[in-house]
Each structure stands twice: as C-alpha cells, then as structure tokens.
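>>> From the sequence below, what's the structure:
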Amino acid sequence: MKTTNKLLLALLSLSFIWTMPAKAVEYRTPLIPVSKDFTLPNGLRVVLSEDHAVPVVAVAIVYDVGARNEQKGKSGFAHLFEHMMFEGSENVAKNQFMGVIESAGGMTNASTHADFTNYFEKVPSNQLETALWLESDRMRSLAVTDKNFKNQLETVKEEKRMRIDNQPYSPGALRFDEILFDNWTNAHPVIGSFEDLEASSVADVRRFFDTYYVPNNAVIAIVGDIDSNKTEALVRKYFATVAKGANPPKPNVLEPQQSKAKYEKVEDKLAKMPAILMGWKSPAAREPDSYVVDIMQRILSGGESSRLYQRMVKGSQVALEVNMGVDERRGPSAINATIVYKPGTTSDKAQEIFWSELEKIKTAPVTDKELETAKNQILRTLFASGSYSSLQRCVGRAEILAENTLFYGNPNLLDEDLQRYLNVTAADIQRVAKQIFTKEGTTLMDIVPAEKTEQKQKAQIGNQI
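Model prediction:
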C-alpha cells in the first residue's frame, strides 16, 4: 500500500514494520502490548501496559454509565457527574483535584458520551501514585452535597449556553437525534434536561453515584513508564478497599427498524445560511458492517478529494460545506450528513445532488484509490502524532485499552479492528450503502435562518396593505 513519506516516517518511529505490495500491510502485534490484566475482589478490572520510551504515564478510568443509563425525568445525570467528580472528596478539597495534578506537572480531563464516561490523568511517571490516590478517593468518597450539586448545575447550564444555545446549527443538531432515534434511551441528548436536574434532589444525585460509580462498573488502564508489579501493588493499595456495589441495571437500547421517512423544520436565530441535516440508523460499534460504514463515510466526505466535496462544493458549487460522520455507540448508531448550502439554492436542489451521489455509491463499486485513501485515513488516526487517539500518545493507548476492556471484556481488540478496516472491499461498501441509504430510512431536518423581528413586522405590514 502506498503511503506518504510523512506517514511512513511516523510509523517507522513507532517500530512498525511495513511492506508495500499492492494490497498488503504488515505491522507488529499487539499494537498495544498488555503487561498485566487483573481484577480486584471488588470487581475493578485493571489493565497495564509498560512503555519506557518517555518518563510519563497515563491513567484512564472508564465507567459504564452514559446518557443511555438515565431514566425519563432524570436526564442529564451522567454529564452532571463528569463535573461533580472534580468537586472534592474526603481527602481532597473542593476544586483541588486539577490543582494537585497540575502541581505534579500533569494534566487531567473527562468526557461524557451516550454510553460511557471517561476520566484521565497524564503525569510524570514518578507521580503515578498521586494520580491513583486521587482517583480512588473520589471513587470511594465523592462529596455529593446539595451545594456542589447546585453549583455544578449552574456550570452545566453555562456550558450549554456557550456550546449549544449560542452556536449556529447546534440546537437543531441536538434536536436531530431526538427525531432520528425512536427509543428515548438512545434519543435524548447527553447534556440532558435542566428541568429534570432542577426537579431532582441531592438524594437522587447520591443514588446515581452509588449505583454507577462503583469499582465493579469501571475499568482502569495504566500505560507508560511503569513497573507492572509495583503498579499492581499501588492499585491494590488504593482501590482494593473501595466497596463493591450491586451490578447496575442494563439499559434497553433496542431500536425499531425505520419504515417511514421523518422530517422536521427548525428556525435558527444564529444561522446565516440554511442547512440540511440527514441521518440513517447504522450498525452498532464492532458489528461487522460498522467498519464498512466508517470507510464509506470517509469516501463520501473525508476531505477535499472526497466525492461530496468535489461534487457539491467544488463542482456544482451549491454548498459551502458538506460533511458526514458516524455517531458510533455500543447500541444502535447513526451515520449523519450536514449540508450548508448557498443562497440561490433550494433545499430540494441540494438534496437532489446529494442523493445522486448516494445512488452512485449504491450502484457502482468505489475505486481502489478511494478505498486506499479511506484506509490511510484510518491508519493516520492511529499512528499520526496529531491524532487524539494516536498510539504515540499514552493517553490514547490507555483509553483504547480501557474502553475495549469495559465494553467487550478484551483489551486486545485493536489489532482485530484494524484488520477489519483493512479488509473492507468495494463490494462491502456497495452492499451496505444499499441497506442503509434508503428513502424510508431517512431522517431529514431543514434548518433555516430565523427572520429578524423587523423583517417579520415589515412582512406583516405589507400583507395588511
């Protein structure tokens, strides 16, 4: 397989072995060596990976709780706890978690998803014990108080105002999932409902913490400049006495097959140009066809050489931008498209051109060059230093190990995943495109700029005259 010199140098710097016949790629396995994998009596599973290239270490802890674990009337709790976890615990003062990590020369962050919540620290290797102590203290004794709850509720409100309410197209995108998915468990937004949170008590918040933030509902992966035996001893020292909880209930994420197209029109007061959102339900993560869907969306919109960019932005020039992406989850997932089209173009015209490209990928095989480009994008995601999930980053490796272990019980799935991507064929793409891109399976939203008050008033006066 042909690769750019930049990509090849990145791969060689990681000591991967490449050959470049027409269709073959060879690499050393496992991509992320596991030096230890053990489970504490309280159910906490721990995965270690030694790498002494640089004196840093990453600790990633993933909890099996996301928006899909919430109940109607109690949405937003998963995301709230991403914030609550930094509010202090028995031995760590309010707002000091980040300060301790930063004082140790490290960094920390967290994120909430539809089906999990993750936290990480990246620290100098001689500060590993500090990171483990901090994580164990908040798992054991998070300060779930009424004051902290109300404080973080206001923080979440401000986050929504900045990232969603005051961003063009974002409110429509938030609403879009509620239309696309039929099961509320999958459909409601991760940020949740403020009305639900405001109507909740601190007892509700404590109950959520006690249910999901237990060691038997989490996995820790530690990657970097460590001694595996000493690290295991440290993990046992800080986590073994954290009490095991009851196994949390499993959510029902079953999604009915869509048999009729869905449509909604939304006015956006911040949008300068009209836009179209389109989506289709797609296979869950790690289902065989999920790899095909990812390769397919890259061929359609992965960069300026992609089909949709060349046709809609550069060719017919009806669109300012067109993008596709996969919202991949353990349950039903989605492949979505966003088209921002130019004045003088109608939604119907933009849709017509877009659908003509979908019909092409359904009726004719993609080229070998397109397949190679899309697969190289996958390789770049794994190996290029600038990628968030890069294997050059100890945090990226730790998160991959933790997620695969928590979701599927096996930390060593990356090698299999990469091979499945590389095995995708043109026939696979044509077959899956026919299955997914149907008119009856489409969810469509028109986002139109809201008329200004003055314009509405003039229009009303004109109508009266």
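>>> hey, where'd the strands end up in the protein?
For the chain, the strands defined by DSSP state E cover 36-39, 45-50, 56-63, 107-112, 117-124, 218-224, 262-268, 275-282, 319-327, 333-341, 443-449.
>>> Tell me which of the ones you listed is the most buried.
The highest mean neighbour count among the strands of the chain belongs to strand 218-224 (a mean of 28), with neighbours defined as mean count of other CB atoms under 10 Å. Backbone N, C-alpha and C define where each C-beta goes, glycine included.
>>> If you count contacts, what does that strand end up packed against?
In terms of contacts (3 or more CB pairs under 8 Å, 6 or more residues apart in numbering; DSSP states H and E), strand 218-224 is packed against strand 45-50, strand 56-63, helix 128-141, helix 228-239, helix 394-408.
>>> Name the surrounding residues that touch the third one.
To tie it back to what came earlier, the one meant is helix 128-141. In this structure, residues lying in contact with helix 128-141 by CB atoms under 8 Å, 6 or more residues apart in numbering are 57, 59, 61, 85, 89-92, 97, 100-101, 104, 106, 119, 121, 123, 213-215, 218, 220, 222, 226, 231, 234-235, 238-239, 241-243.
>>> Out of the strands of the chain, flag the one nearest Asp415.
strand 45-50 (13.7 Å; CB to CB).
>>> Can I get the closest one in CSV? Just the C-alpha atoms.
C-alpha atoms of strand 45-50 as CSV (Å, rounded to 0.1, in the frame of the first residue of the first chain):
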residue,chain,number,x,y,z
ARG,A,45,-10.5,-4.6,36.4
VAL,A,46,-7.1,-3.2,35.7
VAL,A,47,-5.0,-3.3,32.5
LEU,A,48,-1.3,-2.3,32.5
SER,A,49,1.0,-1.6,29.5
GLU,A,50,4.6,-0.8,30.1
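>>> Can you list the helices and strands that that strand packs against?
strand 36-39, strand 218-224, helix 228-239, helix 394-408.
>>> Spell out for me which residue occupies the centre of this protein.
His113 (6.2 Å; CA atoms, centre = their mean).
>>> The strands of the chain into TSV, with extra columns for mean pLDDT and distance to Ala173?
Listed next are the strands of the chain as TSV, based on pLDDT from 0 to 100; distance: least, CB to CB, whole Å:
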stretch	mean pLDDT	distance to Ala173
strand 36-39	98	39
strand 45-50	98	34
strand 56-63	98	25
strand 107-112	97	17
strand 117-124	98	21
strand 218-224	98	30
strand 262-268	98	10
strand 275-282	98	7
strand 319-327	97	11
strand 333-341	98	8
strand 443-449	98	9
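>>> Let's have those strands in TSV, adding distance to Leu418.
As requested, the strands of the chain are arranged in TSV below (distance: least, CB to CB, whole Å):
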stretch	distance to Leu418
strand 36-39	20
strand 45-50	17
strand 56-63	20
strand 107-112	23
strand 117-124	21
strand 218-224	18
strand 262-268	35
strand 275-282	20
strand 319-327	17
strand 333-341	19
strand 443-449	31
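>>> Specify the stretch among the ones you listed that is closest to Ser200.
Smallest distance to Ser200 across the strands of the chain (CB to CB): 16.9 Å, for strand 107-112.
>>> and that closest one with helix 394-408, angle?
Going by axes from the mean of the first three to the mean of the last three CA atoms, to 10 degrees, strand 107-112 is angled at 30 degrees with respect to helix 394-408.
>>> Strand 107-112: how far from the chain's middle?
Relative to its chain's centre, strand 107-112 lies at 13 Å (CA atoms, centre = their mean, to the nearest Å).
>>> again with stretch 119-138
24 Å.
>>> residues of it that come out buried?
119-125, 127-128, 130-138 (16 or more other CB atoms under 10 Å).
>>> Also stretch 407-423?
Phe407, Pro411, Asn412, Leu413, Leu414, Asp417, Leu418, Arg420, Tyr421, Leu422.
>>> can you check stretch 95-104 too?
So, applying 16+ other CB under 10 Å, buried residues of stretch 95-104: Gln96, Phe97, Val100, Ile101, Ala104.
>>> Cross the residues you listed against helices and list the overlap.
Mapping the buried residues of stretch 95-104 onto helices (DSSP state H) picks out Phe97, Val100, Ile101.
>>> In a markdown table: these, plus pLDDT.
Below are these laid out as a markdown table (pLDDT from 0 to 100):
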| residue | pLDDT |
| --- | --- |
| Phe97 | 97 |
| Val100 | 98 |
| Ile101 | 98 |
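>>> nearest to Ala173, of these?
The closest of those to Ala173 turns out to be Phe97 (CB to CB; 31.1 Å).
>>> The closest one and Asp368: what is the separation?
As judged by CB to CB, to the nearest Å, Phe97 and Asp368 stand 51 Å apart.
>>> give me every residue that touches the residue nearest to Gly302 when sequence neighbours are not counted.
In space, and not counting its chain neighbours, Gly302 is closest to Gln377: 5.5 Å by CB to CB, 6 or more residues apart in numbering. Gln377 makes contact with Arg298, Gly302, Gly303, according to CB under 8 Å, 6+ apart.
>>> how many other residues sit next to Lys269?
Using other CB atoms under 10 Å, Lys269 is surrounded by 12 other residues.
>>> sorry, back to before: put together TSV for the helices and strands packed on strand 218-224, with distance to Glu328 on each row.
Formatted as TSV, the helices and strands packed on strand 218-224 follow (distance: least, CB to CB, whole Å):
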stretch	distance to Glu328
strand 45-50	22
strand 56-63	16
helix 128-141	27
helix 228-239	30
helix 394-408	11
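>>> Tell me where the model's unsure across this structure.
Scanning the chain for pLDDT under 70 picks out the ranges 1-25, 452-465.
>>> Got the domain ranges for it?
Per automatic domain parsing, the domain ranges recorded for the chain read 40-239, 262-455.
>>> who are the neighbours in contact with the closest residue to the residue nearest to the centre of the chain other than its chain neighbours?
Excluding the flanking residues, the one nearest His113 by CB to CB, 6+ apart is Gly66, at 5.0 Å. Gly66 makes contact with Ala78, Thr112, His113, Ala114, Asp115, Phe116, Thr117, Val190, according to CB under 8 Å, 6+ apart.
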